[in-house]
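# Let me see the structure of the following:
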Amino acid sequence: MSTYWFELVVGPVGDLEEVAERLYAICGDGQPSGDGRGGAVLFSRESRNAVEAILSAIDDSERAGLTVTGVAEDLVTVDDIAEKTGRSGQAVGHWITGERGPGGFPAPVIHRSSRIRLYSWAQVSRWLAGAGLGRVDQVAAEAATAAAEVDVLLRARQVLRNAPSARRTALARLIDA
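Numbering: from 1, shown residues only. A predicted model of the protein is given here:
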């Protein structure tokens with residue numbers, strides 16, 4: 001068993017104190033935050049694997065009356081990558097440019113300027129494992145990958161719920177494939 005840290009994204013949170021009490025009565029390991037515009041629930045959940053941890057947290061959150069809309073992706077900066085791998089920022093920069101390592105470092109998922117670049121830790125940790133570079137916390141990497149996968153499926157679930165019935169069947173076939 002490992003302990004997985006992740007954050008669920010939820011719809012509007014009415015009375016935060018009431019939501020926290022309901023959630024605590026169900027599971028005790030979720031910390032909700034938010035307001036009428038939306039919120040999040042931070043979990044540290046012990047489980048056999050990250051997917052099981054996230055899915056059980058979704059079930060608990062929904063039983064507490066929250067609408068789960070996603071799982072927050074673990075976005076990281078170059079400095080975060082350096083810290084997580086025990087390498088220098090300069091070494092990470094060399095991986096990114098391809099000056100060191102096998103090349104093919106994942107592109108930033110958010111790139112707003114030369115100074116603002118955020119990378120998916122799920123993608124980066126997979127690349128690092130494949131390249132045999134850096135020290136990677138395998139539990140955190142597993143949680144990041146599971147979060148990215150479950151987030152996509154939660155968004156698909158929302159699309160299906162909102163789709164007209166005529167399209168819902170065709171869209172569901174795509175997911176089943």
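# and stretch 147-163, how far from the chain's centre?
Centroid displacement of stretch 147-163 relative to its chain, using Cα atoms, centre = their mean, to the nearest Å, is 13 Å.
# likewise stretch 161-177?
Counting by Cα atoms, centre = their mean, stretch 161-177 is centred 24 Å from the centre of its parent chain.
# how about the strand or helix carrying residue 57: buried residues?
Take DSSP states H and E as the rule and residue 57 turns out to sit in helix 50-63. Neighbour-count burial for helix 50-63, with 16 or more other Cβ atoms under 10 Å as criterion, is recorded at 50-51, 53-54, 57-58, 60-61. C-beta coordinates here come from the backbone N, C-alpha and C atoms, glycine included.
# go on, stretch 14-26?
For stretch 14-26, burial by neighbour count (16+ other Cβ under 10 Å) applies to 19-20, 22-23, 26.
# which among the buried residues of helix 50-63 gets closest to residue 136?
Of all the buried residues of helix 50-63, residue 50 has the smallest distance to residue 136: 14.2 Å, by Cβ to Cβ.
# What residues does that closest one make contact with?
4, 6, 139, 142-143, 145-147 (Cβ atoms under 8 Å, 6 or more residues apart in numbering).
# Tell me, how many residues neighbour the closest residue to it other than its chain neighbours?
Excluding its sequence neighbours, the residue lying closest to residue 50 (Cβ to Cβ, 6 or more residues apart in numbering) is residue 146, at 3.6 Å. Number of residues near residue 146 (other Cβ atoms under 10 Å) recorded here: 21.
# could the buried residues of stretch 14-26 be laid out in TSV, adding distance to residue 10, secondary structure and pLDDT?
TSV is the format used below for the buried residues of stretch 14-26 (distance: Cβ to Cβ, whole Å; DSSP: H, G, I helix; E, B strand; the rest coil; pLDDT from 0 to 100):
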residue	distance to residue 10	secondary structure	pLDDT
19	9	helix	94
20	12	helix	95
22	13	helix	95
23	10	helix	96
26	14	helix	97
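# got those residues as a markdown table, with distance to residue 127 columns?
Rendered in a markdown table, the data for the buried residues of stretch 14-26 read as follows (distance: Cβ to Cβ, whole Å):
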| residue | distance to residue 127 |
| --- | --- |
| 19 | 38 |
| 20 | 38 |
| 22 | 40 |
| 23 | 35 |
| 26 | 37 |
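# ok, those vs residue 162, which is closest?
Residue 162 lies nearest to residue 19 out of the buried residues of stretch 14-26, by Cβ to Cβ, at 23.7 Å.
# Kindly supply the ChimeraX command isolating those of the contacts of residue 50 that are buried.
Buried residues among these (16+ other Cβ under 10 Å), as a ChimeraX selection:
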select :4,6,142,143,145,146,147
